[in-house]
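J.: no sequence on hand, only this structure:
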């Protein structure tokens with residue numbers, strides 16, 4: 001059995017100078033959520049938090065990392081999806097045994113063209129449609145709660161920080177579905193693809209007006225809800241169809257956004 005370990009026994013965590021800066025001054029180019037995930041992962045890997053150890057509370061992590069509660073919750077959600085921790089409601093979040101080292105390696109560093117990203121979407125349609133079906137057949141109540149939490153984070157990100165800040169929660173939702181399959185290879189492959197699984201990160205947002213971005217994300221969220229509903233009902237065929245529709249629509253939205261960008265004379269990279 002895992003025994004809860006008082007985090008105070010490990011000594012106080014001294015945040016780096018970057019962690020003491022306001023969020024608006026933190027290093028650009030990396031999301032705050034990713035920074036917190038990296039920080040906590042390193043503390044786990046270094047042995048500061050051994051297997052079975054209870055992580056600091058949300059408030060303590062907020063103080064240590066200099067971020068908001070929303071960021072902390074999204075970071076914990078990603079650590080759960082990576083099977084590094086588990087949250088026991090009313091008790092806290094605990095470190096799990098280290099997962100088996102992943103032997104699959106996918107090179108996503110050169111996904112620079114529209115054709116590259118379209119190819120990734122084609123790949124995802126086949127992989128994630130089946131993952132959604134398996135998740136519907138195998139999911140537990142805990143898996144379902146994690147998916148709902150990811151969608152709630154998606155909605156909060158859009159409302160509190162604007163359309164450009166929902167990518168992390170979107171990725172978390174897809175990873176939670178992969179996790180619910182019970183087959184680690186679905187999760188491993190999507191984890192390696194990282195941000196490339198969300199095509200809008202490579203869409204030049206300047207090509208879309210703010211109102212268009214809001215409408216775009218509302219449609220994405222509705223599609224997510226259809227997927228979640230099918231998984232909730234334990235309907236594999238409906239879940240496969242909902243995921244296939246979602247990713248096919250994503251492909252068409254990406255194509256449309258680039259057509260708009262081209263008409264406007266911009267040069268999006270994706």
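T.: Sure thing, it's come through. Keep in mind it's a predicted model, so treat the numbers as computed, not measured.
J.: following element in sequence after the helix or strand where residue 172 lies, please.
T.: In the assignment (DSSP states H and E), residue 172 maps to helix 167-180. In the C-terminal direction, the helix or strand that comes right after helix 167-180 (DSSP H and E) is helix 184-193.
J.: which element follows that following helix toward the C-terminus?
T.: helix 210-232.
J.: whichever helix or strand comes after that following helix versus helix 167-180: what angle between them?
T.: Using DSSP H and E, the helix or strand that follows helix 210-232 towards the C-terminus is helix 236-263. Here helix 236-263 runs at an angle of 150 degrees relative to helix 167-180 (axes from the mean of the first three to the mean of the last three Cα atoms, to 10 degrees).
J.: quick one: average confidence on helix 236-263?
T.: Regarding helix 236-263, the rounded mean pLDDT is 83.
J.: cool, stretch 186-199 as well?
T.: pLDDT averaged over stretch 186-199 gives 72.
J.: so which bits of the helix or strand hosting residue 42 are buried?
T.: Using DSSP H and E, residue 42 sits within helix 32-45. By 16 or more other Cβ atoms under 10 Å, the buried positions in helix 32-45 come out as 32, 33, 34, 35, 36, 37, 39, 40, 41, 43, 44. Quick note: C-beta positions are derived from backbone N, CA and C, even for glycine.
J.: show me the chain divided up by domain.
T.: 32-95, 114-264 (the TED database).
J.: which of these comes out lowest on mean pLDDT?
T.: domain 114-264 (a mean of 81).
J.: ranges for the helices of the stretch 1-150 of the chain?
T.: Remark: helices assigned in the stretch 1-150 of the chain by DSSP state H, counting those that start in this stretch are 32-45, 58-65, 69-81, 114-138, 141-161.
J.: any idea how far residue 121 is from residue 33?
T.: 23 Å (Cβ to Cβ, to the nearest Å).
J.: let's have the buried residues of helix 32-45 in CSV, adding distance to residue 174.
T.: Below are these laid out as CSV (distance: Cβ to Cβ, whole Å):
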residue, distance to residue 174
32, 20
33, 15
34, 16
35, 21
36, 20
37, 16
39, 23
40, 21
41, 20
43, 26
44, 23
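J.: which one of the residues you listed is nearest to residue 152?
T.: Nearest to residue 152 out of these is residue 33 (Cβ to Cβ; 14.5 Å).
J.: okay, the closest one and residue 85: tell me how far apart.
T.: According to Cβ to Cβ, residue 33 stands 15 Å off from residue 85.
J.: now swap in residue 259 and tell me
T.: Taking Cβ to Cβ as the measure, residue 259 falls 43 Å from residue 85.
J.: and the two? which has more neighbours close in?
T.: residue 85 (23 against 11; other Cβ atoms under 10 Å).
J.: OK, contacts around that one?
T.: Contact analysis of residue 85 by Cβ atoms under 8 Å, 6 or more residues apart in numbering lists 44, 55, 76, 79, 93, 94, 95, 96.
J.: with residue 69 instead?
T.: Residues in contact with residue 69, defined by Cβ under 8 Å, 6+ apart, are 58, 59, 62.
J.: what's the closest non-adjacent residue to the second one?
T.: Setting aside the residues directly before and after it, residue 59 is nearest to residue 69 in space (Cβ to Cβ, 6 or more residues apart in numbering), at 7.9 Å.
J.: next: the first one.
T.: Closest residue to residue 58 in three dimensions, ignoring its sequence neighbours and counting by Cβ to Cβ, 6+ apart: residue 72, at 5.0 Å.
J.: ok, the one you found touching residue 57?
T.: No: assessed by Cβ atoms under 8 Å, residue 72 is found out of contact with residue 57, at 9.4 Å.
J.: looking at the two, which is more packed in?
T.: residue 72 (23 against 13).
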